[in-house]
Each structure stands twice: as structure tokens, then as C-alpha cells.
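**Q** fold the following.
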Amino acid sequence: MIKLLATGVWICAVALASVYFSVQLTNKEEPVQEDPAMFGGLETVRGEVTSIPVISSGAVQGYFLTRLSYTVDPAKIQKLSVPVNELITDALYTALVGEPLIDFPDMERFDLEAFKTHIRDTLNERVGEELFHDVIVEQIDFLSKEDIRSNVQQGRSLKNNPTIDRTPAPAAPSN
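**A** The predicted model follows:
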């Protein structure tokens, strides 16, 4: 009789323990992994084409043509009181004209990653929080004054507009 009672208590204890541990395992919260920054939550803002003069030795030596896009937090960008494109253009002018990041005579050493990081950090510092997460280069070109003159002399325009032929047309014969 005692054996039967001990067996019953043993079965109840094992059943209660198994139910308790199974409930504990199913109630564990899985750690929530945040999506990487490029897979959601951010919005890409496409910048405008910006022409920035390169000044060296007191004269304009050429122009940088840039188009940069930016990944930003859409909830935070709605709170800005300054338009984003104007803020970005100002940061580009400050970086390339005000505090020249590019050594004009030695343009072979242009560090694109350092340029992108500098622009992003400058914009975030100006806003006061991390709003700009990444800078994406769509276009960055340098046109020297000689390149521009050569294009104009060959009849090409920079805006893909047809140039006007200034040579007078031959007079039509009068009847």
C-alpha cells in the first residue's frame, strides 16, 4: 500500500514538474533583433545636382558637379524646419569651399569614404542628432575650366540644350 502511494506521489511530482518546465520554456521572450539600417525604417532623400566652384590660387580652377542621396529617419526629417536640400547644399559648399577637403593640385588622393563621412557628420552635427545615416554618391565629377571651354568650342552644351549656330545663313535668292 505504501508502495502504491509512493508511486502515485512520484507520478504527480513528475507530471507537475514537466508541466512547469514546459510552461517556462514557452513563455521565454525571444530577443528582438532590430532590422539592419538598410532593410527598413529609413528613407532615401535624393539630393539635387550641385555645382561647386574649386578655388585655388585666388581663381576658379573648375567645378565639382555632385549629386548625393541620403538615408534618413522619416519621422525625424518631418520635424526639420529647414528644407533638407538647402541644408545639404550648404554642407557641400562648406566642405568643398569653406574648409577645402580636396587638395586641388593633388586630386589623385581624394578619399571618397572620408568625404562621405565628413558630410554625414557635418549634417548630423548641424541638426543636433543622428538624422543622416548614410551618404550615397550618385554622381561626382570635376570639370576644369579647360574642359568647359573645350565643350563650348565644340558646340556641346553642359545642359544638353542645343547650341545656337551663330554663323549667318546664306541669303535666299530673290525671285
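**Q** buried sites along the biggest helix by length in the chain?
**A** Scanning the chain for the helix with the most residues, using DSSP state H, yields helix 2-26. Residues of helix 2-26 classed as buried: none (neighbour count, 16 or more other CB atoms under 10 Å). No exception for glycine: its C-beta is placed from N, CA and C like everyone else's.
**Q** now do it: distance to the chain's middle.
**A** Distance of helix 2-26 from the chain centroid (CA atoms, centre = their mean, to the nearest Å) equals 60 Å.
**Q** quick check: what element follows it along the chain?
**A** The helix or strand immediately downstream of helix 2-26 is strand 43-46, counting by DSSP states H and E.
**Q** tell me which strands that next one pairs with, and in which orientation.
**A** If you go by DSSP bridges, strand 43-46 pairs up with strand 59-72 (antiparallel).
**Q** partners of the helix or strand that contains residue 51 in the sheet?
**A** In the assignment (DSSP H and E), residue 51 maps to strand 50-56. Neighbouring strands of strand 50-56 in its sheet, by DSSP bridges, are strand 59-72 (antiparallel).
**Q** so which bits of the strand it pairs with are buried?
**A** Neighbour-count burial for strand 59-72 flags 62, 63, 64, 66, 68, 70, 71, 72 (criterion: 16+ other CB under 10 Å).
**Q** got TSV for those, with pLDDT and distance to residue 23 too?
**A** Listed next are the buried residues of strand 59-72 as TSV, based on pLDDT from 0 to 100; distance: CB to CB, whole Å:
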residue	pLDDT	distance to residue 23
62	82	72
63	83	70
64	82	65
66	87	60
68	87	54
70	88	49
71	88	43
72	87	44
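**Q** of those residues, closest to residue 44?
**A** Closest approach to residue 44 among those (CB to CB): residue 71, at 5.5 Å.
**Q** beta partners of the closest one?
**A** Applying DSSP bridges, one finds that residue 71 bridges with residue 44, residue 134.
**Q** list the contacts for it?
**A** By CB atoms under 8 Å, 6 or more residues apart in numbering, residue 71 lies in contact with 37, 38, 42, 43, 44, 45, 132, 133, 134, 136.
**Q** out of the residues you listed, give me the one that has the most neighbours.
**A** Neighbour counts for these, by other CB atoms under 10 Å, peak at residue 132, which reaches 26 neighbours.
**Q** nearest residue to that residue other than its sequence neighbours?
**A** residue 123 (4.6 Å; CB to CB, 6 or more residues apart in numbering).
**Q** the helix or strand the one you found falls within vs strand 59-72, what angle?
**A** Remark: residue 123 resides in helix 112-127, with elements defined by DSSP H and E. For helix 112-127 against strand 59-72, the angle by axes from the mean of the first three to the mean of the last three CA atoms, to 10 degrees is 70 degrees.
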